[in-house]
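Asker: Need coordinates for the below:
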Amino acid sequence: MLGHHWAQQDHLFLFVYVRLPVFWAFVVSQSQPLKRTCKKFRNWEHCMNKHPVTLLSLAGSMAFQHGSYAVLTVVMCNMWTLGGAGATENYQFGSELNGGITENLTSPPEAAPGKPHILFVLWDDFGWTGAGYHPQAVDGPAEIRTPTLDSLVRSGINMSRHYVFYCCSPTRSSIQSGRNPIHVNVLNADPDVWSDASNPDSAGAGIARNMTTLAAKMVAGGYRTHFVGKWDCGMATPDHTPRGRGYHTSLSYFHHENSYWTMKDTGSCNKTQIADLWVAEEDGFEGPAESYLTLCPENYNRTTGLGCVAGSKATQADRGYEDRVFAGRVESIIQAHENPEKNPLFVFWAPHLVHTSLMVPSEYLDDFDFMMSTDKQGPVWSHDPPNLTAIPFEGHTRQLYAAMVHYADTVLGEVVDLLVQREMWNNTLVVFSTDNGGAIYGNGSAGGNNWPLRGGKGSNFDGGVRGCAFASGGWLPHSVRGTTYSGLVGAWDWFATFSELGGVDPTDLRAAEAGLPPIDSISIVDVLLGQRRSGRRTTLLLGTEPTDGYADGSTVGGVLFLDATGLLWKILVGPVRQSCWTGPRFPNRTTNFISSDWVQNCTTTEQHACLFQLDVDPEERRDLGSLPENQDRVQDLLALLDAGRRTAYNPNRGQTDPRACARALELGGFWGPFIAA
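Answerer: Predicted structure coming up:
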């Protein structure tokens, strides 16, 4: 009977032609969802490589609808080929990567000892005071314990003038795209925004789709690329995910934050809280990371996670604490990397730590109990279920933050140890940065501190934009270890640096074709190798989210300029938030101030801008903008600022799109792409 039914089908024995384009051309032609999924690819095979599960599940559904056992057999054969005994061991990109652009290859630096493994570590909301290698001014037991960071700085290069944007998504977009935030993204928008009226290549949060990203460059250079942690560079389409940007694998979340324990986002869809954890595996699967999701009962401890259990695929330690899961993923990547002496590895590791909400395993929190007598006690704000709004609970904010910093430092140390064990350390370059300064807002409820710098996250004073950063690793020559580089560096300069190390021209050819801004990245390979060459950065524009206080909605709020004599000048315009300083022990039991109440207006009738000489006044305590002898300098710097404004890129990103929630519910309560590619 079955054979008789097959004999009556038009597609008899099509499974024999499982790899023929004619079969998949037919399948795609019969399904509108398949058409939408595959329309951007040159042929079905590229679509299959990009979206195997989606393509095959839709084809299978079509087979059932048409009663075609032959088609269903073909689908099952493909499923077996992709996910069974015949599965490809490692995911490989086809010509769909970066719009099919062929990168121009170059020769790696002659002085470099081969292409290094690269580990980029980007901590979240890590304040200047949180680094143990910065001077501490607190008597008694050490409140800051970062032995791994301290050791890496001692054996590396301290980047003492490494600048970032003052909040999350713009910095992350700039690093991935090689652009100053004013040329890629100055909005800390949620990833569920979209505008059908906008150019579909520039709508949505994060990076424009026609901009080449760092991972695509590293793939062209022969690197195996992996992303782990906070993405915050867009989500709207499959092109916006880490894999869509060139990472072979990823385990990440899309929003600014989620719960360290449940991985749920701070928002909700139809009163259902949505998990924010997405995975792209080596076998080609990309979708909700359900097997990595930590499970917590309703009455679990929101701070320490007591009662929670790690997901089946996640590292089981620390009750499924998110940054233990991420660290475990990094370790598994390093363990599984084959032939490291021949195959370079690129890992971008962006922990959730130390962003709010303040949560950490009790074993680490208890080590800092001695801080409680001087600490600020609650409320600490949490955005965790079952409540769908922020709820206060009692806690000691400085203690929690210190414990979280120590946790992040500990797992970083474990990864360094693994690189040593695998004999990869001597050919590894580690780059560390924060995405912005520590958060001092909320009356100290976020736990951050940037003493002695002025301001914090959300401000263009140095407390918000001068990031903790260094380069380290066994790949660095001995001559540069234990040194400090005080030249200007933008976080986006690592794009050209890594491209040069990988033997790839950093020029963004795809963006040029689309008429988008070019990269701003300047390679500092010479700094890493202890050489000197011309072309180092002397100017750095400070971006800002457009506000009514800035002329014409400007997205440029300041300029840093290193003059020929080595003097470092900084000019700020408009209203500058968080015009304040904290103390060395902040927050504390006497803390009672709202940093957002302190605003300095740097554009007045009497004065055109605020001017600081940072090389002698790093705390920005003396405004020199009104002094007669500085008026020529002020005008020169304002000219640089105005020139930057004329090149700014700030397209219509759109508004919150209801399709994001609809798609999240279709995905079983997980955030993911919601606009067809």
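Asker: wait, is Phe470 part of a helix?
Answerer: No. Counting by DSSP: H, G, I helix; E, B strand; the rest coil, Phe470 is not part of a helix but strand.
Asker: I'd like to know how many residues surround it.
Answerer: 24 (other Cβ atoms under 10 Å). Using the backbone N, CA and C atoms, a C-beta is placed for each residue, glycine as well.
Asker: what separates it from Tyr485, distance-wise?
Answerer: Distance of Phe470 to Tyr485, computed by Cβ to Cβ, to the nearest Å: 9 Å.
Asker: Now do the shared contacts for the two.
Answerer: Common neighbours of Phe470 and Tyr485, counting by Cβ atoms under 8 Å, 6 or more residues apart in numbering, are Ile157, Asn158, Met159.
Asker: ok, now which ones touch the last one?
Answerer: For Met159, the contacting residues are Ala469, Phe470, Ala471, Tyr485, Val489, taking Cβ under 8 Å, 6+ apart as the criterion.
Asker: if we can go back for a sec, could you save the shared contacts of Phe470 and Tyr485 as CSV and add columns showing distance to Leu665 and secondary structure?
Answerer: CSV is the format used below for the shared contacts of Phe470 and Tyr485 (distance: Cβ to Cβ, whole Å; DSSP: H, G, I helix; E, B strand; the rest coil):
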residue, distance to Leu665, secondary structure
Ile157, 48, strand
Asn158, 48, strand
Met159, 44, strand
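Asker: which among these gets closest to Leu501?
Answerer: Lowest distance from Leu501 to these (Cβ to Cβ) belongs to Ile157, with 14.7 Å.
Asker: distance of the closest one from Ser268?
Answerer: Distance of Ile157 to Ser268, given as Cβ to Cβ: 45 Å.
Asker: okay, the two: which has more neighbours?
Answerer: Legend: neighbour count by other Cβ under 10 Å for Ile157 and Ser268, higher for Ile157 (22 against 15).
Asker: Surely that one and Gly473 touch.
Answerer: No. Counting by Cβ atoms under 8 Å, Ile157 sits too far from Gly473 to count as a contact (10.2 Å).
Asker: Which helix or strand contains the nearest residue to Arg533 once chain neighbours are set aside?
Answerer: Nearest non-adjacent residue to Arg533, counting by Cβ to Cβ, 6 or more residues apart in numbering: Asp526, 4.7 Å away. Here Asp526, judged by DSSP states H and E, is contained in helix 525-528.
Asker: Spatially, which two of the contacts of Met159 are the most separated?
Answerer: Of all pairs in the contacts of Met159, the most separated under Cβ to Cβ is Phe470 and Val489 at 10.7 Å.
Asker: Just checking: what are the partner strands of whichever helix or strand Gly287 is part of?
Answerer: Per DSSP H and E: Gly287 is located in strand 286-288. Under the criterion DSSP bridges, strand 286-288 sits next to strand 278-280 (antiparallel) in its sheet.
Asker: So which bits of the partner strand are buried?
Answerer: Within strand 278-280, the residues that count as buried by 16 or more other Cβ atoms under 10 Å are Trp278, Val279, Ala280.
Asker: Let me know the average pLDDT across it.
Answerer: Mean per-residue pLDDT for strand 278-280: 98.
Asker: Stretch 206-215 too?
Answerer: For stretch 206-215, the per-residue pLDDT averages 96.
Asker: cool, and stretch 544-553?
Answerer: For stretch 544-553, mean pLDDT is 62.
Asker: Based on its surroundings, how many neighbours for Val489?
Answerer: Neighbours of Val489 under the rule other Cβ under 10 Å: 26.
Asker: Spit out the contact partners of it.
Answerer: Val489 is in contact with Met159, Arg161, His162, Tyr163, Ala469, Ile524, Arg537, counting by Cβ under 8 Å, 6+ apart.
Asker: one more time with 7 Å, if that's ok
Answerer: Met159, Arg161, His162, Tyr163, Ile524, Arg537 (Cβ atoms under 7 Å, 6 or more residues apart in numbering).
Asker: Return the member of those residues nearest to Leu214.
Answerer: Looking across the contacts of Val489 and measuring by Cβ to Cβ, the closest to Leu214 is Ile524, at 14.8 Å.
Asker: Poorly predicted segments of this structure, please.
Answerer: 1-89, 378-395, 547-553, 605, 677 (pLDDT under 70).
Asker: Grab the longest helix from it for me.
Answerer: helix 397-421 (DSSP state H).
Asker: got the CA coordinates for stretch 241-257 in CSV?
Answerer: Output in CSV follows, covering the C-alpha atoms of stretch 241-257 (Å, rounded to 0.1, in the frame of the first residue of the first chain):
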residue,chain,number,x,y,z
THR,A,241,22.8,37.9,15.4
PRO,A,242,26.4,36.9,16.2
ARG,A,243,26.3,34.2,13.6
GLY,A,244,24.8,36.6,11.1
ARG,A,245,27.8,38.9,11.8
GLY,A,246,30.4,36.2,11.3
TYR,A,247,30.8,34.2,14.5
HIS,A,248,30.8,30.4,13.8
THR,A,249,29.3,29.8,17.2
SER,A,250,27.7,31.8,20.0
LEU,A,251,25.9,31.6,23.3
SER,A,252,24.6,35.1,24.1
TYR,A,253,21.7,37.4,25.1
PHE,A,254,20.5,40.3,23.0
HIS,A,255,19.3,43.0,25.5
HIS,A,256,21.1,45.3,27.9
GLU,A,257,20.6,42.9,30.7
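Asker: and the contacts of Met159 as TSV, adding distance to Gln607?
Answerer: As requested, the contacts of Met159 are exported to TSV (distance: Cβ to Cβ, whole Å):
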residue	distance to Gln607
Ala469	32
Phe470	36
Ala471	39
Tyr485	33
Val489	30
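Asker: all strands of the stretch 301-450 of the chain, in order?
Answerer: Secondary structure of the stretch 301-450 of the chain by DSSP state E, counting those that start in this stretch: the strands cover 345-350, 380-382, 391-393, 428-434.
Asker: if we can go back for a sec, state the distance from the residue nearest to Arg533 to Thr582.
Answerer: 36 Å.
Asker: helix/strand/coil for the closest residue to Phe432 other than its chain neighbours?
Answerer: Nearest residue to Phe432, sequence neighbours excluded (Cβ to Cβ, 6+ apart): Val121, at 4.7 Å. Per three-state DSSP, the local secondary structure of Val121 is strand.
Asker: Next, Asn98: secondary structure please.
Answerer: With three-state DSSP as the basis, Asn98 sits in helix.
Asker: Count the neighbours of it for me.
Answerer: For Asn98, the count of nearby residues is 26 (other Cβ under 10 Å).
Asker: ok, Leu501 touching Ile524?
Answerer: No. Using Cβ atoms under 7 Å as the test, Leu501 is too far from Ile524 to be in contact (10.6 Å).
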